[in-house]
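K.L.:
sequence first, then the predicted structure, then my questions.
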Amino acid sequence: MSISIYPVTPGFAAEVGDIDLTRPLSPEDWTAVKQAFHHYAVLVFPEQDLSADAHIEFAKRFGPIEQDRPIDEPVKHAAFAHISNVTEDGSIYQPGSRERMFKAGNKLWHTDSSFRFIPGYASLLYTRGIAPIGGHTEFADQRAAYDALPATTKERLQGLVAVHSIETSRRRSGFMDFSEDEARRMPPVPQALVRTIPETGRKSLYVASHAGTIRGMDPDEGRALIDELVEHVTQRQFVYTHRWRPRELVMWDNRCTMHRGTDYDDLRWKRDMRRATTSDIANSCEQEGLHWEAATA
């Protein structure tokens, strides 16, 4: 039986059934998954019994996996970011813990790893334990949001370069405790404000809470434009809210979506997820033919 695809909307987010990600996919099913990913940008795979190795093997089909974490924290598997409030010994983070403060930034609208020079391509998040109340994830379609912009705004945005940094988003959420080594490993990087998705030819906004300024613009003016675009992208008509279920894998295209986690009682309920993120082929400015060397000067 071939896989089944059930769209949430005609163009954004879909559930994928009749598939076992622990087994090799046929060429036909693999092609269908890739085509669905490029079309819908968010794919949900319910009822998957994924070991860490199976998770990584599937993720590798979408590119090289990131392993350098933005802050130093003990992890069992360097290929995973732990989207969790649980320590290695199974206890819940303390209220003032460094890890809890850092991960509060995940509640801001963002796209994974836009703060890296070579940004994120696909993220694949698997549930091992979920809160019974709250803790949803919202996804925003930056392609549809770009399509809805007036022609004059599209013309204004073309060729602009934003500066992204993990410190920008974390400082906005109240985390100030970066070590010198962490700051050195993750310096500010340029990213195109509008980018083209090669597989579909669609243009997409590329904004996130990691973006702080725009090259060639007054800092306050650039920040205001970024905030305006984030507000535009996250209007309800562009957003899908995902309520997590056990044993579920969700993957999304970081090139053309934003997402954020919603609140839950993280000092009461355990929420344990692991995410693998793959790298894009190049910096977004390079892909758009923009002169990124000048943008970093």
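P.N.:
Everything's here; your move.
K.L.:
flag the shaky bits of the stretch 151-297 of the chain, pLDDT-wise.
P.N.:
292-297 (pLDDT under 70).
K.L.:
just the strands in the stretch 1-150 of the chain please.
P.N.:
Listed in chain order, the strands found in the stretch 1-150 of the chain under DSSP state E, counting those that start in this stretch are 4-7, 14-17, 42-45, 81-84, 120-129, 137-141.
K.L.:
out of those, flag the one nearest R243.
P.N.:
Relative to R243, the nearest member of the strands of the stretch 1-150 of the chain by C-beta to C-beta is strand 137-141, separated by 8.7 Å. From N, CA and C alone the C-beta is placed, and that goes for glycine too.
K.L.:
name the helices or strands packed onto that closest one?
P.N.:
Applying 3 or more C-beta pairs under 8 Å, 6 or more residues apart in numbering; DSSP states H and E, one finds that strand 137-141 contacts strand 239-242, strand 257-261.
K.L.:
any idea which of those strands is most buried?
P.N.:
When the helices and strands packed on strand 137-141 are scored by mean count of other C-beta atoms under 10 Å, the highest mean neighbour count falls to strand 257-261 (a mean of 23).
K.L.:
just want the angle from whatever helix or strand comes next after it to strand 120-129.
P.N.:
Downstream of strand 257-261, the first helix or strand assigned by DSSP states H and E is strand 272-279. For strand 272-279 against strand 120-129, the angle between stretch directions is 170 degrees (axes from the mean of the first three to the mean of the last three C-alpha atoms, to 10 degrees).
K.L.:
what packs against strand 272-279?
P.N.:
Packing partners of strand 272-279 (3+ C-beta pairs under 8 Å, 6+ apart): helix 52-59, strand 81-84, strand 120-129.
K.L.:
worst mean pLDDT among those?
P.N.:
Comparing mean pLDDT across those, the lowest value falls on strand 81-84: a mean of 89.
K.L.:
still on that earlier bit, for the helices and strands packed on strand 137-141, give me CSV that also has distance to T111.
P.N.:
Listed next are these as CSV, based on distance: least, C-beta to C-beta, whole Å:
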stretch, distance to T111
strand 239-242, 14
strand 257-261, 5
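K.L.:
A59 against I65, yeah?
P.N.:
Yes - when contacts are counted by C-beta atoms under 8 Å, A59 is listed as touching I65 (5.8 Å).
K.L.:
these two: which has the busier surroundings?
P.N.:
A59 (25 against 17; other C-beta atoms under 10 Å).
K.L.:
measure the closest residue to the more buried one other than its chain neighbours to R268 for me?
P.N.:
Nearest residue to A59, sequence neighbours excluded (C-beta to C-beta, 6 or more residues apart in numbering): A276, at 3.9 Å. Distance check for A276 against R268: by C-beta to C-beta, to the nearest Å, it reads 28 Å.
K.L.:
have a look at the two and say which one is more surrounded.
P.N.:
In this comparison of A276 against R268, neighbours counted by other C-beta under 10 Å, the higher total goes to A276 at 26 against 11.
K.L.:
quick check: bridge partners of the more buried one?
P.N.:
L124 (DSSP bridges).
K.L.:
show me what contacts it?
P.N.:
Counting by C-beta atoms under 8 Å, 6 or more residues apart in numbering, A276 makes contact with H55, I56, A59, I65, A79, F80, A81, S123, L124.
K.L.:
so which of those residues is the closest to Y264?
P.N.:
Proximity of the contacts of A276 to Y264 (C-beta to C-beta) peaks at A81, which lies at 18.3 Å.
K.L.:
contacts only, for the closest residue to the closest one other than its chain neighbours.
P.N.:
Computed as C-beta to C-beta, 6+ apart, the closest residue to A81 that is not its neighbour in sequence is R275, at 4.6 Å. With contacts taken as C-beta under 8 Å, 6+ apart, R275 has the following neighbours: F80, A81, H82, I83, D112, S123, L124, L125, Y126.
K.L.:
relative to M251, which of those is nearest.
P.N.:
Minimum separation from M251 among the contacts of R275 (C-beta to C-beta) is found for L124, which lies at 4.3 Å.
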